[in-house]
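Undergrad: Prediction below, plus the sequence it came from.
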Amino acid sequence: MKLNILSVGHKMPNWVEVACAEYIKRMPKEFATEIVEIKPDKRASGKNSEVVQEAEAKRILEVAGKDYLVVLDERGQEVTSLQLATKMEHWQTLGKDVSLVIGGADGLHMSLKQKADWLWSLSKLTMPHGLVRVMLTEQLYRGHSVIQHHPYHKE
């Protein structure tokens, strides 16, 4: 199984790249993780958020294909790290890759949220996309460490 982090946006600050790379390299083969940048739609004159979100959703779904789709949204379900580890164990039984979606500056189109297999909230706060990438990669690594009974996660 592969974990694909589909993130709308590009040109992240160096600290984001370094932090994400650190957690991704710690992930084992059975949870191979990759960040795939989705090109954000241009905000040309006359384009509203809905149009931008729709174009980005189309690109996201093309990349995700038939993957198990996890969409990050502040209105999604909040879970503990232990509950995330349980979800990750479940993902391993599905026989398909998992795409985890981080939206762009305009947010995510409702159609994408409706297609999601799971709507997940890292926090009720609105956060910068770079920080979400770092938090997500860290939590995926933490989930894996819980599954492996590694001492990284302390209860």
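TA: On my side now, so go ahead.
Undergrad: Below-threshold pLDDT in the protein: ranges please.
TA: Where the chain drops to pLDDT under 70, the residues are 44-46.
Undergrad: which residue ranges form the helices in it?
TA: Counting by DSSP state H, the chain has helices at residues 14-26, 49-64, 81-92, 110-115, 129-147.
Undergrad: can these go into JSON lines with extra columns for mean neighbour count?
TA: For every residue, glycine as well, the C-beta is placed using N, CA and C. Converted to JSON lines, these look like this (neighbours: other CB atoms under 10 Å):
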{"stretch": "helix 14-26", "mean neighbour count": "15"}
{"stretch": "helix 49-64", "mean neighbour count": "18"}
{"stretch": "helix 81-92", "mean neighbour count": "15"}
{"stretch": "helix 110-115", "mean neighbour count": "14"}
{"stretch": "helix 129-147", "mean neighbour count": "20"}
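Undergrad: To Leu3, which of the ones you listed lies closest?
TA: helix 129-147 (6.2 Å; CB to CB).
Undergrad: Perfect, that will be all.
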